[in-house]
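Colleague: take this sequence and fold it.
(chains A and B)
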Amino acid sequence: MKVLPRQLFQNVIVVQYVGLVVVTLLTLFGFQATFGNVLTGANLEVLAMNMVFEGIMALGMTFVIITGGIDISVASVFAFAEILVAKLMVQAGLDMVTAIVITLVATAAIGALNGLLIVLFRVHPMIITMGTLLTLRGINLAITDGHSVSGFSDVFLFLGQGKILGVNVPIVFFGIAAIILGILLGHHRFFRQLYFIGGGERAARLSGVDVNRVKIIIYTLSATLAGCAGVMAAAKYGAAHWAHGNLAELKAIAAVAIGGANINGGSGTIGGTVLGVIFLAVVHNAFVTSAVNTFWYDVVSGMMLLIAVLLSRFISLRNARALLVLKQGKMDQLSETYKS
Amino acid sequence: MLQVTAVSKSFFSNKVLDAVTFDVRAGEVHALVGENGAGKSTLINIIGGILQRDSGTIVFDGKEVDFGHPLQAMGAGISVVHQELSLVPNATVAENMFLRREKRTALGLNDWRAMTRAAADVFERVGIDIDPNALVGSLSVGMQQLVEVAKAISIDAKLLILDEPTSSLSEKEIDELFKVINDLRRQGLAIIFVSHKLSELFKIADRVTVLRDGHLVATAETSAIKSEDLIRMMVGRQLGTLYPPHASAIGDVVFSCKELSRFGAVSDVAFDVRRGEILGLAGLVGAGRTEAMRALINADERSSGRFWLEGDEIQIHDPSEALARGIVYLSEDRKGSGLFLSYSVAENIGASTLDHYADRFGVFHFSALRKRSREFIAKMDIRPPDETARVMNLSGGNQQKVLISKALDVNPKLLIFDEPTRGVDVGAKSLIHARLRELAESGVGVVVISSEMPEVIGLSDRILVFRNGGVSAELMNRKGEVSQEAIINNAVYH
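Modeller: Just a heads-up that it's a prediction; the model follows:
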């Protein structure tokens, strides 16, 4: 077997991206043509703000999933950050910057703890982060008695409601974070290690990758991004509440998977995840703006997830078949040549 | 270049290396041989910094060294190519080669172009023709092995350790690899070469060191020693004959197959298997032997095929149907698709035959399985003789014996064994050969696929040579048609 054409392997992902963009645009313009109220400035803002926090979490989730792990604790880390930053400002009377710094450090510590437990005890990340998810949700409830915390300064509210050059601050944050993290994931030696860990952990270890250290850092990053999202969410809603962000982890994971990452690790890109986030946002918005019952939203995003997975499976099967045709052709040619 | 003196290592109370002393010179290929468990892997892991020694000294390049981590060893110029490939299929060749040693642009990001160029330079130096930008997953195993070697020497290695580099390569790929090794030797590298295939050592090594049970047996010039001497040193006893005698009587046809094809891999294969004989399938890796047998049980979907078992035409829709009819295929990948590594010996032996150990109410009687397993342990000389031992803790040879026991428990009519002794030590190897011969004598059809030429010749009464997805020749041992030359002649196109 000689070297196969590279595109056989790579067009799996390209087809998926193109397909995702096409479906997203079709949805967007389809609903615009039917209802005429999708492509308005105000609606696009609503559309984007609706998924932006899940989107920020999905960025960290991309890294985690590439290493072959998963982090389902992000939703309660998100709510915890909301509550912590709110309490520090409103009840402890700290100034905004100190409160935010403490909050982000706390969420980073939670992530580091996730990573530490995962590498120390070699327990599946699903179980460890599920433990964190439940524990933290309980803490969120207990320290707020189930009530919301509010009473923020205007400066703080700017982080969630303000605009820079006409764009909402959280969206600006998401955009900049996506660009920086995307470049790092594509071209920085630290982040390239994620693919090696996800592709073959033992091999990565033997090649000198400090797998444990990388994993701890990645879970820390994931939790910190959820923390950033939580701080901005508190500002956006003007209040912190334990139920905010409930099930956000599933949307984040779905965005990463729809964006073409293999849930078993070894593949995935920030660009794909961003497309996945946009797709979910558009579909959700289409339901909200149309007369269709919004309850159907989950049905559609669930089906899209299945279609995305089946599509990538279909394409790899097709590639395998193309490969067989290639080989059979070579075999036939060879026996023809030597028949005489 | 490397001087190892009186190095010992114990795991718990088990001494796996006992005061081993040996040296490797610059510009030499030094072979390290011994049965599985002789301590070869432990020794190279200590030299490579993966394990730490308990006592003894290692002097490398004139300095006494004590590596705590593989990276330190690499930094000093020691590179290990492990038996399992350590490359990531989804990354390019260049990225794999420079993992952890990436070339950077001024911004600190990876400089892909510089890495591509550097990889191409290394390839040129060793004379390999591989595109640095190809994804590793798109290369054949042989090519990947060469990438591993290139990666290993790209750190300016002075000592290169190759752990069974040829175990999954075809003859042609081995030649390619040996060409590269010869080149590196000329450039003054010291090379340690671990292998189970003795014929290879004589082709490539200058000196050979034999280990047995953690002890050093001897170091000798390859030119001054014979294959039989090596085997005697490895096992500590002379193996009377390496292979059991050939079939005394060959009976009627047990199984036949016609028009067996799998699109893109196998075309129109036909053969008979007779009682009492061992049928060997020879050919280069990728010639379609494994593919044909997998298509036979429909593990890979075949495009055509007709089968007769004991005279009756049968259908084989899937592997479980084949098993139900007494056709057992033992995969070359025993760890991946043969055994349940984390289960006990007994559970593995009964894995295909759970029904045998259940009464008519469906209640499973583990004691019956354990009793049966103890019979197999005695018959196959499985060590440790403990049916509750977990298979993952057994050596390769003993795992293979468990795999055979599992197959025998089915009471097979046809046994197809793919690479029966890959990664198996010499002692276990001759036991497996003897059991296969007994099995054939008892009337079971036995088909053996082996990439080891001496094995397929020594074991088979009849050999089918595969080439390009089809059978190119049938050689009868009885008629004296079997020889290495005859097989190679039919395995390649001239």
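Colleague: which residue is nearest the middle of the chain?
Modeller: This is for chain A. Centroid check for chain A by Cα atoms, centre = their mean gives residue A:58 as the closest residue, at 1.4 Å.
Colleague: the chain in question should be chain B.
Modeller: Chain B has residue B:422 as the residue nearest its centroid, 3.5 Å off, counting by Cα atoms, centre = their mean.
Colleague: what secondary structure does that residue sit in?
Modeller: When classified by DSSP: H, G, I helix; E, B strand; the rest coil, residue B:422 comes out as coil.
Colleague: pretty sure it sits against residue B:332.
Modeller: Yes - in this structure, residue B:422 is within contact of residue B:332 by Cβ atoms under 8 Å, at 6.3 Å. The way it works is simple: take the backbone N, C-alpha and C, and place the C-beta from them, glycine included.
Colleague: beta partners of residue B:447?
Modeller: residue B:279, residue B:416 (DSSP bridges).
Colleague: hmm, back to that, name the element the residue nearest to the centre of chain A belongs to?
Modeller: helix A:41-66 (DSSP states H and E).
Colleague: if we can go back for a sec, could you pull up phi and psi at the residue nearest to the centre of chain B?
Modeller: Note on residue B:422: backbone dihedrals following degrees, to the nearest 10 are phi -70, psi 130.
Colleague: can you give me the distance of it to residue B:6?
Modeller: Using Cβ to Cβ, to the nearest Å, one gets 33 Å for the distance from residue B:422 to residue B:6.
Colleague: cool, and residue A:66?
Modeller: Counting by Cβ to Cβ - residue A:66 and residue B:6 are separated by 46 Å.
Colleague: who's more crowded, those two?
Modeller: Between residue A:66 and residue B:6, residue A:66 has the larger neighbour count (other Cβ atoms under 10 Å in any protein chain shown), namely 28 against 14.
Colleague: so who does the more buried one touch?
Modeller: A:185, A:194-195, A:197-198, A:261, A:265-268 (Cβ atoms under 8 Å, 6 or more residues apart in numbering or on different chains).
Colleague: any chance of these in a markdown table, plus secondary structure and pLDDT?
Modeller: Below are those laid out as a markdown table (DSSP: H, G, I helix; E, B strand; the rest coil; pLDDT from 0 to 100):
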| residue | secondary structure | pLDDT |
| --- | --- | --- |
| A:185 | helix | 94 |
| A:194 | helix | 94 |
| A:195 | helix | 91 |
| A:197 | helix | 93 |
| A:198 | helix | 90 |
| A:261 | coil | 86 |
| A:265 | coil | 86 |
| A:266 | coil | 85 |
| A:267 | coil | 85 |
| A:268 | coil | 90 |
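Colleague: buried ones only from these, please, as a ChimeraX command.
Modeller: The command below creates a ChimeraX selection of those among those that count as buried (16 or more other Cβ atoms under 10 Å in any protein chain shown):
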select /A:185,194,195,197,198,261,265,266,267,268
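Colleague: can you list phi and psi of residue B:266 for me?
Modeller: The phi and psi values for residue B:266, taken as degrees, to the nearest 10, are phi -130, psi 130.
Colleague: for the record, mean pLDDT for the helix or strand encompassing residue A:134?
Modeller: Using DSSP H and E, residue A:134 falls within helix A:125-144. Averaging pLDDT along helix A:125-144 gives 95.
Colleague: what's the burial count for the residue nearest to residue B:318 when sequence neighbours are not counted?
Modeller: Leaving aside its chain neighbours, residue B:318 sits nearest to residue B:298 (5.3 Å; criterion: Cβ to Cβ, 6 or more residues apart in numbering or on different chains). For residue B:298, the count of nearby residues is 18 (other Cβ under 10 Å).
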